[in-house]
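Novice: quick one, what's the 3D model for this:
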Amino acid sequence: MTTNTAIVYRVRESHVAWRAAGDEAVLLDVRRSVYFALDRSAALLWPRLVAGATAAELTALLTERTPVDADRAGADVQAFLAELESAGLVDRH
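Specialist: Below you'll find the model as predicted:
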């Protein structure tokens, strides 16, 4: 799968409210009143998505801060971004 490393993903702040809860985070899609629970790894990435980040930046952060190799981290980041996009919680810039 080819990815464009120049794409910046950013949270649609008008669509989501969130709170950190220890090593995890809870998101609320305010349009549909749907909650999402982020595990430790996803919660680590979330603040970067609020500021805006590329998939490569998120993958690097995950490999630096967790015991996961780059290939697995890249696949996990892509899956996370795809889920957030399908829920309408992030934009591409």
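Novice: which residues touch the host helix or strand of Pro47?
Specialist: Per DSSP states H and E, Pro47 falls inside helix 40-51. Here helix 40-51 makes contact (Cβ atoms under 8 Å, 6 or more residues apart in numbering) with 9-11, 13, 18, 20, 23-25, 27, 38, 53, 57-58, 61-62, 65-66, 68, 76-77, 80, 84, 90. For every residue, glycine as well, the C-beta is placed using N, CA and C.
Novice: ok, now stretch 68-81?
Specialist: Contacts to stretch 68-81, defined as Cβ under 8 Å, 6+ apart, come from residues 1, 3, 9, 41-42, 45, 55, 58-59, 62-63, 66, 90.
Novice: now do the buried residues in it.
Specialist: Across stretch 68-81, burial judged by 16 or more other Cβ atoms under 10 Å covers Ala73, Gly74, Asp76, Val77, Phe80, Leu81.
Novice: nearest to Arg32 among the contacts of stretch 68-81?
Specialist: Closest approach between the contacts of stretch 68-81 and Arg32, by Cβ to Cβ: Val90, at 15.2 Å.
Novice: the closest one and Val50: what is the separation?
Specialist: From Val90 across to Val50, the span is 10 Å (Cβ to Cβ, to the nearest Å).
Novice: and the buried ones among the contacts of stretch 68-81, selectable in ChimeraX?
Specialist: Filtering these down to the buried ones (16+ other Cβ under 10 Å) takes a single ChimeraX command:
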select :9,41,42,45,55,58,59,62,63,90
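Novice: where along the protein do the helices fall?
Specialist: With helices called from DSSP state H, the chain shows them at 40-51, 55-65, 70-86.
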